[in-house]
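Colleague: sequence unavailable; structure follows:
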């Protein structure tokens, strides 16, 4: 333990010096710190109380994240979110991904259960309305099918087995993409692209969306489809989300098909991503891919039933 640091929860020891340097360089403070680990797998995020009593959220990037995340792109999207008031104010964003932000007061991390509450569904819709309707082109791409093609190459190089019917499933997905492109001609707008339940924070009644590592220009309904999958929304809850987001009491079949298509795209992409991780993470990642793929096929069947 280093002098002047109170360890409230187990933290990565190597991060302590980095946190102290960030506090000194960014905040101009050298006093004792209370440090609490808030979570994160690839990154390490901490709640830090400085000598003045003020709280900050400080992120230390994990090893190897530079191979996964383009930090300059994340910085662009993070700044946009801060400007829109849907993420906490960022005071510093380093080239390596280290970050110092204001701490969200009385913060409560959302879960699948809490995100199912009607008030939270409305708040999620409002956050996406602000983000998607801001009119900004960030210049950061999130090309789902280009990414999928890249994952396929990695899977082939690693000699990882996909699925017996993968070629047929992929053909169905691409046919749906062609139909949705024709029917809806989806616009590309700033999207979060990874709205996990844990990335939603409720603070003093206001909803925030954090962690913009995968943000980029995409079909806006991807975000709604992704949060629906992650929170396990029922059809009724999906209807609440879409009605709030689209400001309409009635949804037509085209809107439902567009939304369901994005649920298919979400599981298609992340199934392939999971398969790229099988050589490193083994059976848990294989099981996760199987779960995603099964839901993908169920949604393909549902999509075909919509007239």
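Modeller: It's in. All figures in this text were calculated on a predicted structure; none of them were measured in a lab.

Colleague: what about the residue nearest to residue 253 when sequence neighbours are not counted, distance to residue 212?
Modeller: In space, not counting the residues next to it along the chain, residue 253 is nearest to residue 306; the distance is 5.5 Å by C-beta to C-beta, 6 or more residues apart in numbering. In this view, the C-beta of every residue, glycine as well, is placed from N, C-alpha and C. For residue 306, the distance to residue 212 (C-beta to C-beta, to the nearest Å) stands at 33 Å.

Colleague: low-confidence ranges, this protein, go.
Modeller: The model of the chain has pLDDT under 70 over residues 1-9, 32, 39-42, 63-68.

Colleague: I'd like the next helix or strand past the helix ranked longest in it.
Modeller: If you go by DSSP state H, the chain has its longest helix at helix 253-281. Next helix or strand after helix 253-281 toward the C-terminus (DSSP states H and E): helix 283-305.

Colleague: count the neighbours of the residue nearest to residue 253 for me.
Modeller: 10 (other C-beta atoms under 10 Å).

Colleague: could you pull up phi and psi at it?
Modeller: The phi/psi pair for residue 306 (degrees, to the nearest 10) reads phi -80, psi 120.

Colleague: 683 is where my numbering starts, stick with that
Modeller: In the new numbering, first residue 683, that becomes residue 988.

Colleague: test my guess that residue 922 contacts residue 801.
Modeller: No: assessed by C-beta atoms under 8 Å, residue 922 is found out of contact with residue 801, at 10.5 Å.

Colleague: who has more neighbours out of those two?
Modeller: A count of neighbours by other C-beta under 10 Å puts residue 922 above the other of residue 922 and residue 801, at 18 against 11.

Colleague: so where do the helices sit in the stretch 683-832 of the chain?
Modeller: Remark: helices assigned in the stretch 683-832 of the chain by DSSP state H, counting those that start in this stretch are 695-704, 753-766, 800-814, 826-839.

Colleague: of the ones you listed, which is nearest residue 977?
Modeller: helix 826-839 (16.4 Å; C-beta to C-beta).

Colleague: same for that closest one, what does it pack against?
Modeller: In this structure, helix 826-839 makes packing contacts with helix 935-963, judged by 3 or more C-beta pairs under 8 Å, 6 or more residues apart in numbering; DSSP states H and E.

Colleague: residues of the helix it packs on that come out buried?
Modeller: Residues 937-960 are the ones in helix 935-963 that count as buried (16 or more other C-beta atoms under 10 Å).

Colleague: repeat for stretch 981-989
Modeller: For stretch 981-989, by 16+ other C-beta under 10 Å, it's 981-982, 985.

Colleague: burial of residue 718, as a residue count?
Modeller: The local packing of residue 718 (other C-beta under 10 Å) involves 15 other residues.

Colleague: what does residue 822 give?
Modeller: Here the number of neighbours of residue 822 (other C-beta under 10 Å) works out to 22.

Colleague: test my guess that it contacts residue 896.
Modeller: No: using C-beta under 8 Å, residue 822 is not in contact with residue 896; the gap is 9.7 Å.

Colleague: residue contacts, the residue nearest to residue 800 when sequence neighbours are not counted?
Modeller: Spatial nearest neighbour of residue 800, chain neighbours left out: residue 922 (6.5 Å); criterion: C-beta to C-beta, 6+ apart. Contacts were defined as C-beta atoms under 8 Å, 6 or more residues apart in numbering; by that measure residue 922 touches 800, 803-804.

Colleague: most neighbours out of the residues you listed, which is it?
Modeller: Counting by other C-beta under 10 Å, top hit in those: residue 803 with 24 neighbours.

Colleague: so who does it touch?
Modeller: 797, 919, 922-923, 926.

Colleague: so which of those are in helices?
Modeller: Short answer: these in helices (DSSP H) are 919, 922-923, 926.

Colleague: and residue 694, how many neighbours?
Modeller: 14.

Colleague: wait, it touches residue 728, no?
Modeller: No: using C-beta under 8 Å, residue 694 is not in contact with residue 728, being 9.2 Å away.

Colleague: overlap in contacts, those two.
Modeller: With C-beta under 8 Å, 6+ apart as the test, residue 694 and residue 728 both reach 719, 742.

Colleague: show me the contacts for residue 900.
Modeller: 824, 826, 870-871, 873, 875.

Colleague: repeat for residue 770
Modeller: So residue 770 contacts 739, 764, 783-786, 890, 892 (C-beta under 8 Å, 6+ apart).

Colleague: go again with 7 Å.
Modeller: 739, 783-784, 786, 890 (C-beta atoms under 7 Å, 6 or more residues apart in numbering).
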